Structures are given as structure tokens and as C-alpha cells.
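Colleague: What follows is a protein structure lacking sequence information:
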């Protein structure tokens with residue numbers, strides 16, 4: 001039979017072997033199908049392939065390559081040390097970067113640590129990114145003894161044996177043959193001096209509520225040799241404006257200076273290792289605190305309700321900041337949590353005037369509402385090496401991004417879309433955020449803590465993804481999915 005390219009014919013053959021051909025039929029020619037279209041891509045032309053049943057084929061109908069279509073691009077903002085850029089991605093997978101923006105460089109905020117008699121002063125410069133350095137060292141001032149005492153509490157060794165301190169105080173001889181001050185006794189001094197010796201023996205402690213309600217005291221100097229300030233030792237000494245804590249003190253007991261409402265500043269020396277619960281609670285005139293480098297724990301409510309407190313320097317040895325430690329104080333500016341701190345207690349900085357917080361990689365636990373209602377807070381920065389927490393756009397999340405712990409409520413943004421990675425929003429996470437007008441909740445969120453949007457006075461719209469299985473929005477308000485529970489009225 002004929003093929004596409006060969007004629008057909010009939011072969012006649014005799015039994016003797018003779019043969020001939022005849023009855024030729026012309027070749028049929030190719031019969032090509034309708035063709036298979038290969039679409040053009042960004043870099044290759046398109047075309048149509050036509051194929052005959054015999055296997056022969058050819059291409060035609062070429063269409064030029066489309067070229068890349070990169071879209072609007074994804075912006076990576078510059079950081080202090082890295083340039084910013086925009087990444088453009090084509091649907092085919094091709095990528096390029098452009099529109100570079102130079103690194104911003106560090107913007108350091110300075111915190112001055114004044115020199116003491118025995119320690120050099122310096123300035124700590126801290127950038128919001130967490131980078132810091134110290135400079136501008138100022139030599140220690142050295143002791144300046146007046147009447148045998150330095151303002152820091154140190155006793156002039158040349159006159160130590162003759163200094164008796166305030167007269168008429170009550171003492172108790174302890175089992176270790178040292179004295180404890182137990183009360184005001186007949187002393188009428190308003191400027192109290194606790195001596196380092198009494199009757200030739202060391203004075204090592206100030207006892208339980210020894211000077212409670214001594215409202216006439218205006219100042220206290222605690223001499224070297226005293227190692228502990230007992231529970232409630234100066235509780236409710238309303239007129240006390242200054243206290244000098246000697247370099248030998250290692251512990252400050254619970255309520256030691258509670259309700260000393262005229263006390264203006266405190267320097268806790270490097271000898272102190274612990275500050276007890278409520279030690280300085282309701283010291284409403286206290287404006288600054290320097291916590292020495294040997295303190296390892298700041299007790300529960302240690303500086304709570306110190307409503308004039310604007311500056312605090314936390315020593316490098318602190319490992320735990322207790323519940324309510326600075327609750328409703330007015331600490332302002334930036335606070336850098338020292339490396340080594342592992343836990344920040346519940347409500348630790350609640351209601352402070354902080355603008356930024358830097359959390360180191362050592363922190364493993366941040367308590368409930370630790371930074372809530374900090375109305376000026378615009379940035380929470382977490383060290384990238386922290387295994388438990390991270391920051392995204394200045395807000396605090398669990399490391400995996402599944403829990404939104406704290407929105408920085410001092411931001412001026414009027415809208416916020418919760419990231420798709422989030423499955424839970426902690427209680428009070430947005431409490432008292434006055435700028436937000438609208439919040440968008442994705443379908444991934446399955447748990448919203450109580451009062452998450454409490455007192456967000458400008459909030460007029462909460463929008464929940466229609467695919468969310470736990471919640472819904474109706475007229476901009478937040479409901480459970482079945483509509484039976486109104487969770488938040490905008």
C-alpha cells in the first residue's frame with residue numbers, strides 16, 4: 001500500500017520465480033493532526049507541533065517569549081548594619097534584588113552610670129537593635145570622710161574605733177557576739193547614723209521593724225559592718241529623704257523601706273545580693289534607683305507603685321525580676337534587661353512609661369502582662385538567639401510565632417493584621433492601646449485570652465477571616481463561631 005512518501009504497487013510472481021510490478025498508486029502525502037500547543041514562557045518562545053501518523057512532525061506558529069513579570073516586590077527594610085532592598089520574584093521562580101537602601105547605622109541612647117566612691121562611672125550607649133557599648137569612663141571619686149563617715153556609708157578607718165553613731169539606740173547582743181539594732185530607743189536624731197560598732201563589738205544587722213513609723217527621721221546612714229537590713233526596718237518613715245547603704249550590706253529585707261514616701265533616690269551597693277519583697281513599695285518620691293552588680297534577685301513588688309521613678313539601672317548579676325517588681329512605676333525611656341536574667345515576673349513592668357525594651361537570649365520566662373499598659377512602648381526587641389521568644393515589628397511573640405504575647409501599645413499605627421502563624425492571643429495583649437482603629441484576625445487563631453482588647457478606646461472594627469473555625473465578626477464585633485458569645489464589642 002502507498003505510504004505518506006512512497007508510491008504503492010502490486011507485485012505479480014510466477015511459480016518459476018519470474019515477477020513484475022504494476023498497478024501503481026501514488027504516495028498519500030502526510031496527514032498532520034491539529035497540532036499540540038507549547039505555550040511561551042518568560043524566556044522561551046511558544047510554538048505548535050504538528051505530527052503525522054507516520055511519525056513525521058514539524059513546528060510552526062511561533063509565539064515570542066513573554067518576558068519576566070516580577071510584580072511589586074517584597075521590601076526588606078534596612079537595619080542598623082544591613083542594607084535594605086526589594087526582592088522581585090517572577091511566577092517562573094526567577095528572582096533579583098534592587099532598590100538598595102543603605103543601612104541606617106546605630107542610633108544609640110545614652111544612660112549614664114555615675115561614679116561612686118569605689119566604682120568608675122561610665123556611659124552605656126544602647127541601640128534599639130540591642131547593640132551596646134560603654135564609653136566616657138569617669139574615675140571613682142574616692143571616699144570623702146566627714147566626721148568619720150563618707151556619704152556612701154563607709155567609715156573612716158582612722159576614726160572607726162571612736163565613732164558611736166546616733167546615741168540612745170536600742171541593741172540586742174546576738175549569739176555570734178555581734179549587735180543588732182532593734183529600735184529608736186531614746187534617740188532623738190532626725191539624721192540617723194547606724195554605727196559600725198557598739199560597746200567595742202560589731203553592729204551587723206538592723207532588726208525587724210526597728211524604726212517603723214519613725215516619722216521624724218529625715219536621713220539614714222548605715223555604716224560599714226552592717227550586713228542585713230531586716231524586714232520592715234524603716235517601714236513608714238514618711239519624712240526620710242535619703243538613705244546611704246554601706247558597702248557591707250548583703251540583703252535588704254521585705255518591706256525594709258516601704259512607704260518611705262519622701263525618699264528621692266537609692267544606690268544599692270555591689271555588696272547587696274538580694275532585695276526583698278516590697279522593699280521599696282510606695283516610695284512615691286523615688287526618682288532613680290541604681291541596683292548594684294551583685295544583686296541576683298529583685299523581689300516581688302520591690303519597687304511597685306513608685307510613681308515618680310523614671311530611671312533604673314539593673315545590675316549585671318540579676319537573674320530574676322519578681323512579680324510586680326516595678327508595677328505602676330513610671331520608668332521611662334529604654335530598659336535593657338541584663339544578660340543573665342532568666343525570668344521576668346507577672347506584671348513586672350506593668351504601667352511603666354517605657355518606650356523600648358531589649359530582652360536578652362538568657363530569658364526563658366516572661367510572666368503574664370509583664371509589659372502591659374506601657375502606653376509609650378513602641379518597641380520590644382528580643383535577641384535573635386533567644387530560644388523561647390522573638391519580636392516581629394516590635395511586638396512580642398513566642399519563638400515559633402504561634403502566640404502573640406504583647407502588642408507594643410505605644411505605636412501610632414491605626415490598623416494591625418495578626419500574622420497567619422498566630423494560633424493564640426494572650427490575655428490583655430492589646431490592653432489600653434489607644435491608637436488602633438481596626439484589627440484583622442486570620443483563620444489560624446483558635447484561642448483569644450480574656451480582655452485581649454480591653455480599653456482599646458479607638459477600636460471600631462474587628463475583622464475575622466471567614467475561614468476561622470473558632471471566631472467570627474459581626475458588624476465589626478468579635479463573637480464565638482456559633483455566635484452565642486459576644487467576646488468584644490468594638
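Modeller: Nice, thanks for sending it over. What you see is a predicted model; the values in this text were computed from it and never measured. Numbering: from 1, shown residues only.

Colleague: Strands along the stretch 351-490 of the chain, start to end?
Modeller: 353-359, 365-366, 379-382, 389-392, 395-398, 403-406, 415-417, 424-425, 438-441, 447-448, 461-464, 471-474, 477-480, 486-488 (DSSP state E, counting those that start in this stretch).

Colleague: out of the ones you listed, which comes closest to residue 111?
Modeller: For residue 111, the closest of these is strand 353-359, at 11.8 Å, according to C-beta to C-beta. C-betas here are computed from N, CA, C, even on glycine.

Colleague: what's that closest one in contact with?
Modeller: Here strand 353-359 makes contact (C-beta atoms under 8 Å, 6 or more residues apart in numbering) with 126, 128, 130, 310, 330-337, 344, 349, 366, 371, 374-383, 386, 389, 391, 396, 410.

Colleague: Of the residues you listed, keep whichever come out buried.
Modeller: 126, 128, 130, 310, 330-332, 334-337, 344, 349, 366, 371, 374, 377-383, 386, 389, 391, 396, 410 (16 or more other C-beta atoms under 10 Å).

Colleague: before we move on, the earlier item: and of the strands of the stretch 351-490 of the chain, who's closest to residue 174?
Modeller: That would be, of these and by C-beta to C-beta, strand 365-366, which comes in at 38.1 Å.

Colleague: Touching the closest one from outside, list them.
Modeller: 342, 343, 344, 359, 388, 389, 396, 405.

Colleague: try stretch 120-130
Modeller: Stretch 120-130 has contacts (C-beta under 8 Å, 6+ apart) with 79-81, 106-115, 132-140, 334, 336, 356, 358, 379, 381, 383.

Colleague: now do 7 Å
Modeller: When contacts are defined by C-beta atoms under 7 Å, 6 or more residues apart in numbering, stretch 120-130 is touched by residues 79-80, 106-115, 132-140, 334, 336, 356, 358, 379, 381, 383.

Colleague: That one: which residues count as buried?
Modeller: 122, 123, 124, 125, 126, 127, 128, 129, 130.

Colleague: Take those and write them to a markdown table, including pLDDT.
Modeller: Converted to a markdown table, the buried residues of stretch 120-130 look like this (pLDDT from 0 to 100):
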| residue | pLDDT |
| --- | --- |
| 122 | 94 |
| 123 | 93 |
| 124 | 92 |
| 125 | 92 |
| 126 | 91 |
| 127 | 90 |
| 128 | 87 |
| 129 | 89 |
| 130 | 84 |
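
Colleague: Out of those, the closest to residue 224 would be?
Modeller: So of the buried residues of stretch 120-130, ranked by how close each gets to residue 224 (C-beta to C-beta), first place is residue 122, at 24.7 Å.

Colleague: which SS state does that closest one fall under?
Modeller: strand (DSSP: H, G, I helix; E, B strand; the rest coil).

Colleague: For the residue nearest the centre of the chain, give its distance to residue 370.
Modeller: The centroid of the chain falls nearest to residue 380 when counting by C-alpha atoms, centre = their mean (3.8 Å). Distance, residue 380 to residue 370, by C-beta to C-beta, to the nearest Å: 10 Å.

Colleague: Low-confidence stretches in this protein?
Modeller: 146-164 (pLDDT under 70).

Colleague: Work out for me the element residue 135 sits within.
Modeller: strand 132-138 (DSSP states H and E).

Colleague: which residues are contacting that strand?
Modeller: By C-beta under 7 Å, 6+ apart, strand 132-138 touches 115, 120, 121, 122, 123, 124, 125, 126, 336.

Colleague: coming back round to it: for the buried residues of stretch 120-130, which one is nearest residue 177?
Modeller: Nearest to residue 177 among these, with distances taken as C-beta to C-beta, is residue 122, at 41.1 Å.

Colleague: Identify the bridge partners of the closest one.
Modeller: Here residue 122 sits in beta bridges with residue 113, going by DSSP bridges.

Colleague: Same check on the one 5 residues further on?
Modeller: With DSSP bridges applied, residue 127 shows beta-bridge pairing to residue 108.

Colleague: Could you measure from it over to residue 167?
Modeller: Distance from residue 127 to residue 167, by C-beta to C-beta: 53 Å.

Colleague: again, but for residue 62
Modeller: From residue 62 to residue 167 the distance is 110 Å (C-beta to C-beta).

Colleague: following the helix or strand where residue 290 lies, which helix or strand comes up?
Modeller: Secondary structure from DSSP H and E places residue 290 in strand 288-291. On the C-terminal side of strand 288-291, the nearest following helix or strand under DSSP H and E is strand 297-298.

Colleague: Please name the strands paired to the next helix or strand after that following strand in the sheet, noting orientation.
Modeller: Beyond strand 297-298 in the direction of the C-terminus, DSSP H and E gives the next helix or strand as strand 311-313. Strand 311-313 has its sheet partners listed here by DSSP bridges as strand 288-291 (parallel).

Colleague: Which residues does the partner strand contact?
Modeller: Under C-beta under 7 Å, 6+ apart, the answer for strand 288-291 is 265, 266, 267, 268, 303, 309, 311, 312, 313, 314, 315, 318.

Colleague: Now the second one: closest residue in space, sequence neighbours ignored.
Modeller: Nearest in space to residue 266, with sequence neighbours left out and distances taken as C-beta to C-beta, 6 or more residues apart in numbering, is residue 289 at 5.2 Å.

Colleague: separation between that neighbour and residue 91?
Modeller: In terms of C-beta to C-beta, residue 289 sits 58 Å off from residue 91.

Colleague: Looking at the two, which is more packed in?
Modeller: residue 289 (25 against 11; other C-beta atoms under 10 Å).

Colleague: buried stuff in stretch 214-233?
Modeller: So for stretch 214-233, counting by 16+ other C-beta under 10 Å, buried means 214, 217, 219-233.

Colleague: Distance across that stretch, terminal residue to terminal residue?
Modeller: End-to-end span of stretch 214-233 (C-alpha to C-alpha, to the nearest Å): 10 Å.

Colleague: next one: it to chain centre, how far?
Modeller: Its chain's C-alpha centre and that of stretch 214-233 lie 36 Å apart, by C-alpha atoms, centre = their mean, to the nearest Å.

Colleague: And for stretch 298-310?
Modeller: The answer for stretch 298-310 is 20 Å, by C-alpha atoms, centre = their mean.

Colleague: cool, and stretch 64-80?
Modeller: 32 Å.

Colleague: Tell me the buried residues in that stretch?
Modeller: Quick answer for stretch 64-80 (16+ other C-beta under 10 Å): 66, 68, 70, 76, 78.

Colleague: Distance across it, terminal residue to terminal residue?
Modeller: 45 Å.

Colleague: for stretch 179-194, same thing?
Modeller: Across stretch 179-194, first to last residue, C-alpha to C-alpha, it's 11 Å.

Colleague: No further questions, thank you.
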